[in-house]
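Student: any chance you can model this:
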Amino acid sequence: MTGGQEIAGHVELPGPTEFEDPLVRTEFRKAWVWIGSILAVAALIFLSKPLLLIVGAMVFAVLLDGGTRLLGRVLPIKRGFRLAIVTLAAFGFLGWVLYTAGSTFVGQFAALAATIETQALRLYAWAMQIGLVPQGPVEHFTDVLRGLASNLGGGAISAGTSGFGRLTSAIGGFVAALTNAFLIIVLGIFLATEPKVYDRGVAWMIPLRHRGEYYHILASVGFTLRRLLFGRLVGMLVEGIFTFFMLWAGGVPMAALLGLITGILAFIPNVGAIVSGLLMVAVGFSAGTDQGIWAIVTYFAVQNIDGYLILPYIARKTVDLPPAMVLAAQLVFGALFGFLGLLLADPIMATLKVTLEKISERKGVTDPAAAGHPAAALPAAPHSPPPASP
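Tutor: Predicted structure coming up:
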C-alpha cells in the first residue's frame, strides 16, 4: 500500500483499489474489463430507471450549483445561504406562476387538446381525399390519437379500456411523474449542498495515480454543464417570451399557453422545437388562414433566433455538439428510457464528449499529426475554455 498524496488541496488516502504488484494489477485490469462490461449491461437492464433518476438529480444539482456560484459574484456570503436563496427563489417563481395563471392554463390546456384533435382529424380527412392514406372510418384515427396521448402521458391505454381504467391509468402516471420529480429535486438538493463530499467519495474508489485526472475531468465537466444549462435556460426564456408576444400580436389563440409550452420544450433540442412548432401551427390554423401563416412565420423566426444567435454562443462557450449526434442520442435514450431519457440526452452527450476529450488530452492524442493520422489535414475542433476553479 502507498502513502497518502496531496491532490486538489487535501490529502488523499489509499483506497481498496491500490495494488503494488504489477502482475496483480495486470490481471485485475483484465478481470475488471469483463466484470465491468457485465455490470454495465445488468445495470442498463435492471437499474435503468433509478440510474436515470440519479443522472437527473445530478443535472438539477448542476443547475443549483451554477445559480449559487453566479449569486456569489454579487453576494459574498456562505455557500449554504446562497444555495438556499437560489432554491427558494426557483420554487417561489414556479409557485407564483401556478398561482397567478394556473386556473387560466388549466382551461386552455383542455381547449388546446380539443383543438389539436380537431386539426388532426381535418388533416387526416384531407389526406384520405387526395389518396395519401387509405379510406377508412375517422373514428379509428381518433382512437390512435388518444392512445398516443395516453402513451405520452405515461400509460398505454388501449381503445377498449373502460373509462374507470383510463382514469386509474392517468392518475397512476401522474403520481409516478410527481414521485420521480420529487426524488430528483430532493436528491439534487443534497448533491448541491455538499458536492465535494460526494466527489471525494467517488475518488476514494479510484487509484491515487488517477485521482488528479479524475478531479480535472470533473471540474471540466462541471464547467461545461453549468454553461450549457445556463444557455438552455436563457434560450427557454427568450423563446417563450418572444413566442408569446409574436402570437399575441398576430391574434393567435392561447398565445400565453403556447409561449409557456415553447419555452419549456426549448430545453429539449430538436424534438422540442418540432413539437412546439406543430402545436403552434395547429392552433393558428384553427383560428384562420392568416393566423396559421403568422404562426408559421413566428415558428421560423423563433428557430432562427435560437439557431443563429443563442446556440452558437452556447457552443462557443461550452462544447460543440453536432445536431445529428444529439438527435441520434435523443432517439436512443427516448426509446430506452422514455421521456426522462429524451430530456437528459443532451447533458449526457455533453458529459461524454468532454470526458473523452480530456482523457485524450491527458494521453497526448490531441495532435493527429504526431501519429501520422489522416485527420491531421482537417481543421482543429474548438476547445472549451479552461474550467473555473471549484
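
Student: which non-adjacent residue is nearest residue 259?
Tutor: Excluding the flanking residues, the one nearest residue 259 by C-beta to C-beta, 6 or more residues apart in numbering is residue 244, at 3.0 Å. Every C-beta, even on glycine, is put in place using the N, C-alpha and C of the backbone.

Student: state the next helix or strand along the chain beyond the strand or helix carrying that neighbour.
Tutor: Here residue 244 sits within helix 208-249, counting by DSSP states H and E. The helix or strand immediately downstream of helix 208-249 is helix 255-265, counting by DSSP H and E.

Student: pretty sure the residue nearest to residue 259 sits against residue 258.
Tutor: Yes: if you go by C-beta atoms under 8 Å, residue 244 and residue 258 touch, sitting 7.3 Å apart.

Student: from residue 282, how far off is the residue nearest to residue 259?
Tutor: For residue 244, the distance to residue 282 (C-beta to C-beta, to the nearest Å) stands at 17 Å.

Student: contacts only, for the nearest residue to residue 248 once chain neighbours are set aside.
Tutor: Closest residue to residue 248 apart from its sequence neighbours, by C-beta to C-beta, 6+ apart: residue 255 at 4.1 Å. Residues in contact with residue 255 (C-beta atoms under 8 Å, 6 or more residues apart in numbering) are 243-244, 247-248.

Student: on the pLDDT front, check residue 189 for me.
Tutor: On the pLDDT scale, residue 189 is placed at 91.

Student: the helices in the stretch 251-390 of the chain, which residues?
Tutor: Using DSSP state H, counting those that start in this stretch, the helices found in the stretch 251-390 of the chain span residues 255-265, 271-287, 289-305, 311-317, 323-337, 339-362.

Student: tell me how far the second one lies from the chain's centre.
Tutor: By that I understand helix 271-287. 21 Å (C-alpha atoms, centre = their mean, to the nearest Å).

Student: need phi/psi at residue 75.
Tutor: Per-residue torsions, residue 75: phi -130, psi 90 (degrees, to the nearest 10).

Student: now do the contacts for it.
Tutor: 82, 85.

Student: same thing with residue 330?
Tutor: So residue 330 contacts 268-271, 342, 345-346 (C-beta under 8 Å, 6+ apart).

Student: surely residue 349 touches residue 326?
Tutor: Yes: using C-beta under 8 Å, residue 349 is in contact with residue 326, at 6.1 Å.

Student: that older thread, now the contacts of residue 330 as TSV including neighbour count, distance to residue 306 and pLDDT?
Tutor: Listed next are these as TSV, based on neighbours: other C-beta atoms under 10 Å; distance: C-beta to C-beta, whole Å; pLDDT from 0 to 100:
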residue	neighbour count	distance to residue 306	pLDDT
268	22	12	84
269	20	9	80
270	16	11	79
271	17	14	82
342	21	18	85
345	25	18	87
346	22	14	86
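
Student: for these, which one is nearest residue 125?
Tutor: Checking those against residue 125 by C-beta to C-beta gives residue 271 as the nearest, at 27.1 Å.

Student: packing partners of the helix ranked longest in the chain?
Tutor: The single longest helix within the chain, with elements called by DSSP state H, is helix 79-129. With contacts taken as 3 or more C-beta pairs under 8 Å, 6 or more residues apart in numbering; DSSP states H and E, helix 79-129 sits against helix 48-72, helix 138-152, helix 163-193, helix 255-265, helix 271-287.

Student: before we move on, what's the pLDDT of residue 204?
Tutor: So, for residue 204, pLDDT stands at 85.

Student: next one: it from residue 277, what distance?
Tutor: Taking C-beta to C-beta, one finds residue 204 at 48 Å from residue 277.

Student: the more surrounded of those two?
Tutor: Neighbours per residue, other C-beta atoms under 10 Å: of residue 204 and residue 277, the larger number sits with residue 277, 19 against 14.

Student: so what's the more buried one up against?
Tutor: Residue 277 neighbours (C-beta under 8 Å, 6+ apart): 299, 303.

Student: can you rerun that using 10 Å?
Tutor: Neighbouring residues of residue 277 by C-beta atoms under 10 Å, 6 or more residues apart in numbering: 262, 265, 295-296, 298-300, 302-303.

Student: quick one: it from residue 302, how far?
Tutor: 8 Å.

Student: mutual contacts of those two, please.
Tutor: Applying C-beta under 10 Å, 6+ apart, one finds that residue 277 and residue 302 are jointly contacted by residue 262.

Student: next, count neighbours for residue 37.
Tutor: For residue 37, using other C-beta under 10 Å, the count is 10.

Student: in which helix or strand would I find it?
Tutor: Per DSSP H and E: helix 22-46 holds residue 37.

Student: what angle separates that helix from helix 323-337?
Tutor: Computed with axes from the mean of the first three to the mean of the last three C-alpha atoms, to 10 degrees, the direction of helix 22-46 lies at 70 degrees from that of helix 323-337.

Student: could you check how far helix 22-46 is from the centre of its chain?
Tutor: On the basis of C-alpha atoms, centre = their mean, helix 22-46 is displaced by 29 Å from the centre of the chain it belongs to.

Student: which other helices and strands contact that helix?
Tutor: helix 48-72 (3 or more C-beta pairs under 10 Å, 6 or more residues apart in numbering; DSSP states H and E).

Student: so residue 274 sits against residue 265, correct?
Tutor: Yes: between residue 274 and residue 265 a contact is recorded at 9.0 Å, counting by C-beta atoms under 10 Å.

Student: more neighbours: these two, which one.
Tutor: Ranked by neighbour count (other C-beta under 10 Å), residue 274 and residue 265 place residue 265 first, with 20 against 13.

Student: if I look at the more buried one, how far off is residue 302?
Tutor: For residue 265, the distance to residue 302 - C-beta to C-beta - is 11 Å.

Student: likewise residue 338?
Tutor: 27 Å.

Student: which of those two has more neighbours?
Tutor: For residue 338 versus residue 302, neighbours defined as other C-beta under 10 Å are more numerous around residue 302 (24 against 16).

Student: list the residues that contact the more buried one.
Tutor: So residue 302 contacts 235, 238-240, 242-243, 246, 259, 262, 266, 273, 276-277, 280 (C-beta under 10 Å, 6+ apart).
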